[in-house]
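> Make a model of this:
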Amino acid sequence: MIKYIVVGAGGFLGTVARFWLGSMIQERMASRFPYGTFIVNCSGCFTMGLIMAVLARTSIHPYLRLAIPIGFLGGFTTFSAFEYETFMAVSEGWIAIGLLNIGLSVGAGFICVWLGMVLGKAMA
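Numbers count the residues shown, from 1 in each chain. The predicted structure follows:
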């Protein structure tokens, strides 16, 4: 049962961090493009790569192995928000914005995971 509480607590913190950071970024950008979600997803992807590379080489408490990548980063990254914002852009006629969001989010997210893994391996 404690595993579920640990993941839930991590998810709560990740969700609050996502809402704060995504909102802060989006408020500062005067654009239809969902920069808040995009930056949250890229930073979450990078952090996932970094954390998983570091965790592969270190021994930390098993609950932290659940709380950080599954809980916190699972709550922090925003795939459902990404999909909804893409759908809304396309349904409102902003097809180029929707396609740009798909291409940038998937491409940059992949690169961010890779960069996080490279950095994490180099730190070991």
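> okay, CA-based contacts and neighbour counts for the rest of this
Will do.
> And the longest helix seen in the chain, how far out from the chain middle?
The helix spanning the most residues in the chain, taking DSSP state H as the definition, is helix 95-123. Helix 95-123 sits 10 Å away from the centroid of its parent chain (C-alpha atoms, centre = their mean, to the nearest Å).
> And the pLDDT at Ser59?
According to the model's per-residue confidence, Ser59 sits at a pLDDT of 89.
> so is it in a helix, a strand, or just coil?
State at Ser59, reduced to three classes by DSSP: H, G, I helix; E, B strand; the rest coil: coil.
> now the one 4 residues further on
Going by three-state DSSP, the secondary structure assigned to Tyr63 is helix.
> Now do the same contact list for it.
3, 6 (C-alpha atoms under 8 Å, 6 or more residues apart in numbering).
> how far away is it from Ala9?
11 Å (C-alpha to C-alpha, to the nearest Å).
> What of Met24?
From Met24 across to Ala9, the span is 23 Å (C-alpha to C-alpha).
> quick one, which residue of the protein lies the farthest from its center?
Gly93 (26.6 Å; C-alpha atoms, centre = their mean).
> Which pLDDT value belongs to that residue?
At Gly93 the predicted local confidence, pLDDT, stands at 97.
> Could you do the one 3 residues further on as well?
Ala96 is assigned a predicted lDDT (pLDDT) of 97.
> Tally up the residues packed near the residue lying closest to it once chain neighbours are set aside, please.
By the measure of C-alpha to C-alpha, 6 or more residues apart in numbering, the closest residue to Ala96 outside its immediate chain neighbours is Val90, 7.8 Å from it. Applying the criterion other C-alpha atoms under 10 Å, we find 15 residues in the vicinity of Val90.
> what do you get for Ala122?
Here the number of neighbours of Ala122 (other C-alpha under 10 Å) works out to 11.
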